[in-house]
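Asks: mind looking at a prediction? Sequence and model below.
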Amino acid sequence: MSFSLKEINQLQKVDFVEVFSNVVECYPEAAESVSNLAPFDTFSALLEAFMTHLDQLDSLKKLRIIKLHPHLVPEINKEELTEESASEQSTVGLNRIGNAEKKAILRRNIEEYWEKFDFPFVICVRECKNTDDIIDSVQERLSRTSAEEIHVAFEHVKKITALRISDIVAH
Ligand SMILES: NC(=O)N[C@H]1NC(=O)NC1=O
């Protein structure tokens, strides 16, 4: 459902939090905090409020948010996907990889990443052209340090959030 900025600004706090509850995956606390800053003069101001909220979180909370994201191969953890994640994962066909070998490589790489870092591989899927793009990224990012990867993964969390906000609010 898409809202105008005017409609967003007229929402009661509880409704604002519900509308934006999953723009940060499974972390409604972001919407809760940003709701206190309403009304917003522009779409950019709303977007910026969420980005600023995320940026100022301490590193433990950032890590917690990264860990709230589902694996790109949900079978790894037998996960139920949120509506937003399922839709994003389907944009590049992650839910219908026909090539068994490719599916196995992706799964192996993502499991290896999880074992190395102890948090899921997070990437803004909607910025990827296809599953090969994702395989290349996970292989490249596997060589990084944990601190580097927390930073990179969190930048992807912010991109995912921005796109989800753009889906909700006409701009
Ligand atoms: N693991 C991971 O990257 N998950 C996500 N990426 C994305 O674009 N949507 C997600 O849920």
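Replies: It's in.

Asks: residue 5 reaches residue 171, doesn't it?
Replies: Yes - here residue 5 reaches residue 171: they are 7.3 Å apart, a contact under C-beta atoms under 8 Å. Any C-beta I mention is one placed from the backbone N, CA and C, and that applies to glycine too.

Asks: got the contact list for residue 35?
Replies: 13, 16-17, 20 (C-beta atoms under 8 Å, 6 or more residues apart in numbering).

Asks: which residues in this protein form strands?
Replies: Secondary structure of the chain by DSSP state E: no strands are present.

Asks: flag the shaky bits of it, pLDDT-wise.
Replies: 1 (pLDDT under 70).

Asks: mind running it again at 80?
Replies: 1, 74, 77 (pLDDT under 80).

Asks: which positions in it make contact with the ligand?
Replies: Counting by C-beta under 6 Å from any ligand atom, the residues of the chain close to the ligand are 25, 69-72, 85, 88, 120-126, 160.

Asks: residue 63 and residue 118 touch, don't they?
Replies: No - taking C-beta under 8 Å as the definition, residue 63 is not a contact partner of residue 118, at 9.3 Å.

Asks: more neighbours, these two?
Replies: residue 63 (18 against 10; other C-beta atoms under 10 Å).

Asks: give the contact list for the more buried one.
Replies: Counted by C-beta under 8 Å, 6+ apart, residue 63 has contacts 119, 150.

Asks: swap in residue 102?
Replies: Residues 131-132, 135 are the ones in contact with residue 102 under the rule C-beta under 8 Å, 6+ apart.

Asks: please report which of those has the highest neighbour count.
Replies: residue 131 (20 neighbours).

Asks: distance check, that residue against the ligand.
Replies: Residue 131 sits 13 Å away from the ligand, going by C-beta to the nearest ligand atom, to the nearest Å.

Asks: circling back: what do residue 5 and residue 171 both touch?
Replies: By C-beta under 8 Å, 6+ apart, the residues touching both residue 5 and residue 171 are residue 43.

Asks: in terms of neighbours, single out the busier of the two.
Replies: Between residue 5 and residue 171, counted using other C-beta under 10 Å, residue 5 has the larger neighbour count: 17 against 13.

Asks: then stretch 84-103 to CSV, C-alphas only?
Replies: Output of stretch 84-103 as CSV, limited to C-alpha atoms (Å, rounded to 0.1, in the frame of the first residue of the first chain):
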residue,chain,number,x,y,z
GLU,A,84,9.1,-7.9,2.1
SER,A,85,12.1,-10.4,2.1
ALA,A,86,10.2,-12.9,0.1
SER,A,87,9.3,-10.3,-2.5
GLU,A,88,12.9,-9.0,-2.6
GLN,A,89,14.4,-12.5,-2.9
SER,A,90,12.0,-13.3,-5.8
THR,A,91,13.2,-10.2,-7.8
VAL,A,92,16.4,-12.0,-8.8
GLY,A,93,14.8,-15.5,-8.7
LEU,A,94,16.4,-16.7,-5.5
ASN,A,95,13.2,-18.7,-4.9
ARG,A,96,13.4,-20.5,-8.2
ILE,A,97,17.1,-21.3,-9.1
GLY,A,98,16.7,-24.0,-11.6
ASN,A,99,20.3,-24.9,-11.9
ALA,A,100,21.1,-27.4,-9.1
GLU,A,101,24.8,-26.8,-9.2
LYS,A,102,24.4,-23.0,-8.9
LYS,A,103,22.0,-23.5,-6.0
